[in-house]
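S.K.: I'll drop the sequence and a predicted model, then ask my questions.
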Amino acid sequence: MIERNKNLYGLNTFGMSAVADYYIKAASDDDVMKAIELSSELNLPLLVLSGGSNMLIVEDIHAVVLHMDTRGITVEGSDGSDTLVRVAAGEDWHKTVMWSIENGYAGMENLAYIPGRVGSSPVQNIGAYGVEARDVIESVDVIDICTGKKSTFMAGECRFAYRESIFKNEARGRYVITSVLFRLHSAEGYSLRLDYGNIKTELEKRGIENPTVADVADVVTCIRQSKLPEPSQIGNSGSFFKNPVISRSLYEKLIEILPDMPSYDVEGADDNHWKKVPAAFLIDRAGWKGYRRGNVGVHHNQALVLVHYGGGNGRDVLELCNDICRDVREKYGVEIYPEVNIIDAAFVERCAVGGKVK
Ligand code: EPU
């Protein structure tokens, strides 16, 4: 069903009120095609909405908003000890992780309790506790908004990087992701990834010596629940900023003034891309943690998370984001960038129009 002037409040985890010219909830690929046709007829861009958990809407949306609500988890076959499982884009991410555990598969457990839907997992290559979506993605099925054709991106073609993929860059706004094929492993004999953060400490606290995939998912869920605000209670989009990679010279300067600054090695490091440092640490040290300005603020438990207490708008959050970026740049010389998509007229403008190759 096509709805006009649809308020997207309730469909984005920041809880922002914004009106979309047209809105279609898609339960099938046919509905996706209908949305593409409508976008073509009206000559309006097509904006795909998934769980709304990685977006900050800052103004009304002059577009056809396609809300992916397709369902289905299907085992497609096995490949040695691995199993290939296809999941429709509209399935809830955490529900999918729990399905994999209940069915004896491993690979997704560290990614438990991440908000959002399966279709957005490849877009920003979601990640947590040492694992990223790319570690379990085999391929991604899409429909091209410009041509209406279906095609498949193999994982190697998705240009996955830390919180990045082709779908966020070169191919941004061009495709509707309809399903993701995951390569899951048999939980038996699988070596769990427990090195990141405090997973091991939490397992020890619980007296678990030989953890199962379910134990890991449970521990990750509890850690996330203790650190990150529940979107149903307080509007937010998880980590608002990406962790920056800094140069060797900047790292050496910073470690002098912030000797306890944590840092992580980066793949293919060179003098210009030397270490990844936690944006949360820099924002915290700059004094922003727990800061509140009107209806928006910085979460008191995790400086990476911007929050909306209700009654505010996307512009307020964006202004706060810009002030934090400026302050971190001035104090530490580090550029930090949002990982959340800022949905404004410029973003919508870059989305494809059905039937048109731009
Ligand atoms: N820290 C502070 N102050 C804070 C929070 C953290 O100083 O307010 C320090 C911590 O002490 C720690 C470091 O910063 O040494 C890193 O913190 P944390 O382990 O909480 O991880 P993160 O870098 O803040 C990343 C992801 C999260 C993911 C966790 C766990 C990004 C942008 N964020 O956070 O992802 O859950 O690691 O893997 O990479 C998300 O993308 O929405 C998200 C929550």
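M.R.: Sure thing, it's come through. Numbers count the residues shown, from 1 in each chain.
S.K.: CA atoms for contacts and neighbours, from now on please.
M.R.: Noted.
S.K.: against residue 52, how distant is the residue nearest to residue 16 when sequence neighbours are not counted?
M.R.: Leaving aside its sequence neighbours, residue 16 sits nearest to residue 9 (C-alpha to C-alpha, 6 or more residues apart in numbering; 5.4 Å). For residue 9, the distance to residue 52 equals 10 Å [C-alpha to C-alpha, to the nearest Å].
S.K.: sorry, back to before: next, the residue nearest to residue 16: phi, psi?
M.R.: Backbone torsions for residue 9, taken as degrees, to the nearest 10, come to phi -60, psi 130.
S.K.: so it touches residue 17, yeah?
M.R.: Yes. When contacts are counted by C-alpha atoms under 8 Å, residue 9 is listed as touching residue 17 (4.5 Å).
S.K.: who has more neighbours, the two?
M.R.: The neighbour count for residue 9 versus residue 17, taken as other C-alpha atoms under 10 Å, is higher for residue 17 (21 against 14).
S.K.: quick one, longest helix in the chain?
M.R.: The residue-count maximum for a helix in the chain (DSSP state H) belongs to helix 314-332.
S.K.: so for that helix, mean pLDDT?
M.R.: What helix 314-332 shows for mean pLDDT is 98.
S.K.: that helix packs against which elements?
M.R.: Secondary-structure packing of helix 314-332 (3 or more C-alpha pairs under 8 Å, 6 or more residues apart in numbering; DSSP states H and E): helix 279-285, strand 296-298, strand 306-308.
S.K.: got a list of contacts for the helix or strand following the first one?
M.R.: The first helix or strand that comes after helix 279-285 along the chain, using DSSP states H and E, is strand 292-293. Contacts with strand 292-293, where a contact means C-alpha atoms under 8 Å, 6 or more residues apart in numbering, come from residue 298.
S.K.: still on that earlier bit, now render the helices and strands packed on helix 314-332 as a markdown table, adding distance to the ligand and mean pLDDT.
M.R.: A markdown table is the format used below for those (distance: least, C-alpha to the nearest ligand atom, whole Å; pLDDT from 0 to 100):
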| stretch | distance to the ligand | mean pLDDT |
| --- | --- | --- |
| helix 279-285 | 3 | 98 |
| strand 296-298 | 9 | 98 |
| strand 306-308 | 11 | 98 |
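S.K.: any idea which of those is most buried?
M.R.: A comparison of those by mean neighbour count, using mean count of other C-alpha atoms under 10 Å, puts strand 306-308 on top with a mean of 27.
S.K.: where does the stretch 51-200 of the chain dip in pLDDT?
M.R.: Along the stretch 51-200 of the chain, no part satisfies pLDDT under 70.
S.K.: got a list of contacts for the helix or strand hosting residue 31?
M.R.: Assessed by DSSP H and E, residue 31 sits inside helix 29-42. Applying C-alpha under 8 Å, 6+ apart, the set of residues contacting helix 29-42 from outside is 24-26, 45-46, 63-64, 66, 145, 148, 176, 178, 353-356.
S.K.: between the residues you listed, which has the most around it?
M.R.: The residue in these with the most neighbours, by other C-alpha under 10 Å, is residue 46 (31 neighbours).
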